[in-house]
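Q: Provided below are the primary sequence and the corresponding predicted coordinates.
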Amino acid sequence: DQQVKQNSPSLSVQEGRISILNCDYTNSMFDYFLWYKKYPAEGPTFLISISSIKDKNEDGRFTVFLNKSAKHLSLHIVPSQPGDSAVYFCAASASRGNEKLTFGTGTRLTIIP
Amino acid sequence: ETGVTQSPTHLIKTRGQQVTLRCSSQSGHNTVSWYQQALGQGPQFIFQYYREEENGRGNFPPRFSGLQFPNYSSELNVNALELDDSALYLCASSPGGFADTQYFGPGTRLTVL
């Protein structure tokens, strides 16, 4: 039972353009959502998060949007840079205070110079 | 550099054997979580330890067990290894309290033959 789904295994985007990564979830108990970035041979690193009381959170080039009624969130990266090439994981938790994370399967983003 | 280290980097075992994986957290990080990431999947929560006590467990059998030590190190033990246990094992530590303050180690790649 995949409670957090990332339906696009891979995505290629031209440098300078916008990258949009999508994530869907099924469990209504999830209240806090996070995006992680993973390079080969490294652990996932936290990128940005959003609480269910918000619909948008922005941090520099990264913006996360949450549509709670559709159980859908997306990560926008603009402008995309070659260093953004990595695997991106969406994760969900029952609350910000709950460190047990449920991850999606990841999307491999490739930025084309 | 997250300050979270794991050893060994790679490990090969045969079915039925036992394995111990190690994680060293940052000083002051009272919480450690372990995740299993199978090939092509996202990390799956195994269990969490807080101040040396198990503090939550995912859908993993009892042959997966752990220990946390006062010096901010921890272990994941797996008995009676099965082929499906082949995966990347990640530990994540945090000072405790918030999902977005976890730092992941680079992982141990376990192969079971």
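A: Received, thanks.
Q: if I pick A:Pro82, what's in contact with it?
A: A:15, A:111, A:113 (Cβ atoms under 8 Å, 6 or more residues apart in numbering or on different chains). All C-beta atoms are positioned from the backbone trio N, CA, C, and that covers glycine.
Q: Please pick the buried ones from the residues you listed.
A: Among those, those classed as buried by 16 or more other Cβ atoms under 10 Å in any protein chain shown are A:Ile111.
Q: ok, of the contacts of A:Pro82, which one's closest to chain B?
A: A:Ile111 (21.5 Å; Cβ to the nearest Cβ).
Q: Name every strand pairing with the helix or strand that contains B:Leu21 and say which way it goes.
A: For B:Leu21, the host element (DSSP states H and E) is strand B:19-24. Sheet pairing of strand B:19-24 (DSSP bridges) gives strand B:5-7 (antiparallel), strand B:73-78 (antiparallel).
Q: Packed most tightly, which of those strands would that be?
A: strand B:73-78 (a mean of 20; mean count of other Cβ atoms under 10 Å in any protein chain shown).
Q: got the contact list for that strand?
A: B:18-25, B:32, B:34, B:46, B:49, B:63-68, B:85, B:89, B:91, B:110.
Q: Can you say which of those are buried?
A: Judged by 16+ other Cβ under 10 Å, buried ones among the contacts of strand B:73-78: B:19, B:21-25, B:32, B:34, B:46, B:49, B:64-66, B:68, B:85, B:89, B:91, B:110.
Q: The residue nearest in space to the middle of chain B is in what secondary structure piece?
A: Residue closest to the average C-alpha location in chain B (Cα atoms, centre = their mean): B:Trp34, at 3.3 Å. Using DSSP H and E, B:Trp34 sits within strand B:31-37.
Q: Mind exporting the C-alpha coordinates of the next helix or strand after that strand to PDB?
A: Note on strand B:31-37: by DSSP H and E, the next helix or strand toward the C-terminus is strand B:44-50. Only the C-alpha atoms of strand B:44-50 are listed here, as PDB (Å, rounded to 0.1, in the frame of the first residue of the first chain):
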ATOM      1  CA  GLN B  44      10.900   2.700   4.500                       C
ATOM      2  CA  PHE B  45      10.800   3.400   8.300                       C
ATOM      3  CA  ILE B  46      12.100   0.400  10.300                       C
ATOM      4  CA  PHE B  47      12.100   1.900  13.800                       C
ATOM      5  CA  GLN B  48      13.200   4.800  16.000                       C
ATOM      6  CA  TYR B  49      15.100   5.100  19.200                       C
ATOM      7  CA  TYR B  50      14.900   7.900  21.700                       C
END
